[in-house]
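# Here is my input, please return the structure:
(one chain, ligands or ions: 3)
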Amino acid sequence: MKDENPGSPIGIVLLNMGGPDSLEAVKPFLYNLFADRDLIQLPLGALLQKPFARLISHFRAKKVVENYRAIGGKTPLLHWTQRQAEGIAARLGATYRPYVAMRYWHPRADETLAQMAADGVQRAVVLSMYPHYTGATTGSSVKDFQRAAAAKHPALKYRVIEQWYDWPGYLDALAQCVRAGLEKFSEDLRPQVQILFSAHALPQKFIDRGDPYLEHVLDTARGVMKRIGNRSWRMGFQSRSGPVKWMEPDTVEVIDQLAAEGRPAVLLVPISFVSDHIETLHEIDIEYREHARAQGIVHFERSPSLNEQPEFLAGMADLVSNELENWR
Ligand SMILES: C=CC1=C(C)c2cc3[nH]c(cc4nc(cc5[nH]c(cc1n2)c(C)c5CCC(=O)O)C(CCC(=O)O)=C4C)c(C)c3C=C
Ligand SMILES: [Fe+2]
Ligand SMILES: [Fe+2]
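Ligands and ions are numbered 1, 2, ... in the order given. Here you go, the predicted model:
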């Protein structure tokens, strides 16, 4: 990148979904999420999206608040995303400043961009923390960032990294998580452990319209398994949340199939999340674990999330360096 302002800090901005930082925040967070037509198009068109979002968030909050209570009253997503931003910026050098912009809860892109302007940041690399591209996540977050940049910091020059599902540093780091997961099983059981990758589901219409999410997710799984070696694996899609046709198979159905096949041990590997949040800590660790045990899978474990794993942060710093090289 041409250094027009030597000495001015360069921003490293991580984009993610965000989540409630208190139980009171659950409902307004859900409202922001359901009001986003890039993520979900509620019936009867754009005009009624917000009234519907208010209604759905009201009812969904009653149930979901208990899930957040069970994991400590808030999501750890912001903590981990901040640690990731700091870890990546620190590996790049003193000129780089870490920032986080969340799509549906604080710090929102507007706040982050106002802060970057106040800090004198003139240039930035913006990194979506979703490795696999869909308009529902990265597409929506990037649009939101662009809108906020135009409003709060129009002079900012930035480049966006939208997908990195096959980045070697990511695959190496994820393979290390799988190895750590396998070590949770006793040595005699380990050869029989069935690996089950679980990605977040999308409504099938996103795939039908051409989003590459499914290809990306499958490429990631293949890249990880190349590193792990000869072992059978399956793929499921978790966290369906509305009455539309979702990607298949549902992770729960795959767990049921594995139980029916008499598999005694399953390692679930969350593949589309790069840190712990409600869907690893509650959905997998509590709901799926209970379900698997009830189906007869006595040994059910989850591989650790990437969080601030040093190999992952080094791999992400390389990804950003690569982008900076291309910019130059
Ligand atoms: C790859 C990651 C994610 C995809 C793809 C995704 C799609 C998607 N999500 C919903 C609805 C909800 N998502 C919720 C929370 C949430 N989702 C992700 C990631 C992906 N979502 C994250 C990181 C979070 C935040 C979790 C936290 O710890 O707070 C929620 C709120 C929680 C709940 O009510 O269960 C909803 C609702 C849809 C409809 C969708 C695809 C279009
Ligand atoms: Fe989601
Ligand atoms: Fe979800």
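
# so what's the residue in the chain positioned nearest to ligand 1 up against?
Nearest residue of the chain to ligand 1: Gly19, at 2.2 Å (CB to the nearest ligand atom). C-beta coordinates here come from the backbone N, C-alpha and C atoms, glycine included. Counting by CB atoms under 8 Å, 6 or more residues apart in numbering, Gly19 touches Phe29, Lys74, Thr75, Leu77, Leu78, Tyr104, Trp105, His277, Ile278.

# how about those, which pair is most distant?
With distance counted by CB to CB, no two of the contacts of Gly19 lie farther apart than Lys74 and Tyr104, which are 14.0 Å apart.

# which of the two has more neighbours?
With other CB atoms under 10 Å as the criterion, Lys74 and Tyr104 differ in neighbour count, and Tyr104 comes out ahead with 23 against 18.

# gap between the closest residue to that one other than its chain neighbours and Asp144?
In this structure, Tyr104 finds its nearest non-sequential neighbour in Asn32, 4.1 Å apart by CB to CB, 6 or more residues apart in numbering. Between Asn32 and Asp144 the distance, using CB to CB, to the nearest Å, works out to 10 Å.

# Tell me the buried residues in stretch 197-207?
Within stretch 197-207, the residues that count as buried by 16 or more other CB atoms under 10 Å are Phe197, Ser198, Ala199, His200, Ala201, Leu202, Pro203, Phe206.

# now swap in stretch 224-235 and tell me
Within stretch 224-235, the residues that qualify as buried are Val224, Met225, Ile228, Trp233, Arg234, Met235, counting by 16+ other CB under 10 Å.

# before we move on, what about stretch 318-328?
Within stretch 318-328, the residues that qualify as buried by neighbour count (16+ other CB under 10 Å) are Asp318, Leu319, Val320, Glu323, Leu324.

# Out of those residues, which is nearest to Glu311?
Distances from those to Glu311 were compared by CB to CB; the smallest belongs to Asp318, at 10.5 Å.

# sorry, back to before: mind checking which of the buried residues of stretch 318-328 land in helices?
Among those, the members found in helices (DSSP state H) are Asp318, Leu319, Val320, Glu323, Leu324.

# pretty sure the fourth one contacts Trp164?
No: under the criterion of CB atoms under 8 Å, Glu323 makes no contact with Trp164, lying 9.9 Å away.

# if we can go back for a sec, neighbour-wise, which of Asn32 and Asp144 wins?
Of the pair Asn32 and Asp144, Asp144 is the one with more neighbours under other CB under 10 Å, namely 20 against 17.

# for that one, what are its contacts?
With CB under 8 Å, 6+ apart as the criterion, the residues that contact Asp144 are Ala101, Arg103, Ala109.

# what sits against the residue nearest the centre of the chain?
With distances taken as CA atoms, centre = their mean, the residue of the chain nearest its centroid is Phe273 (3.4 Å). Phe273 makes contact with His200, Glu279, Thr280, Ser305, according to CB under 8 Å, 6+ apart.

# Show me which residues of the stretch 201-328 of the chain sit near ligand 1.
When proximity is defined by CB under 6 Å from any ligand atom, the stretch 201-328 of the chain lies next to ligand 1 at Leu202, Pro203, Ser241, Gly242, Ser272, His277, Ile278, Glu279.

# could the buried residues of stretch 197-207 go into CSV alongside pLDDT and distance to Glu183?
Rendered in CSV, the data for the buried residues of stretch 197-207 read as follows (pLDDT from 0 to 100; distance: CB to CB, whole Å):
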residue, pLDDT, distance to Glu183
Phe197, 98, 18
Ser198, 98, 19
Ala199, 98, 23
His200, 98, 26
Ala201, 98, 29
Leu202, 98, 32
Pro203, 97, 36
Phe206, 98, 36
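
# These: which two are farthest apart?
Using CB to CB for every pair in the buried residues of stretch 197-207, the one that comes out farthest apart is Phe197 and Pro203, at 19.7 Å.

# which helices and strands sit right next to the top helix by length along the chain?
The single longest helix within the chain, with elements called by DSSP H, is helix 49-70. In this structure, helix 49-70 packs against helix 26-34, helix 278, with contacts taken as 3 or more CB pairs under 8 Å, 6 or more residues apart in numbering; DSSP states H and E.

# Is there proximity between it and ligand 1?
Yes: interface with ligand 1: helix 49-70 contributes Arg60, Val64 (CB under 6 Å from any ligand atom).

# Would you mind listing the buried residues in the helix or strand following that helix?
Beyond helix 49-70 on the C-terminal side, the first helix or strand identified by DSSP states H and E is helix 77-92. The neighbour-count criterion (16+ other CB under 10 Å) identifies 77-89, 91-92 as the buried residues of helix 77-92.

# Same question for stretch 297-309.
Ile297, His299, Phe300, Glu301, Arg302, Ser303, Pro304, Ser305, Leu306, Asn307, Gln309.

# count of residues packed around Ala94?
The local packing of Ala94 (other CB under 10 Å) involves 8 other residues.

# same check, this time on Thr137
For Thr137, the neighbour count with other CB under 10 Å is 25.
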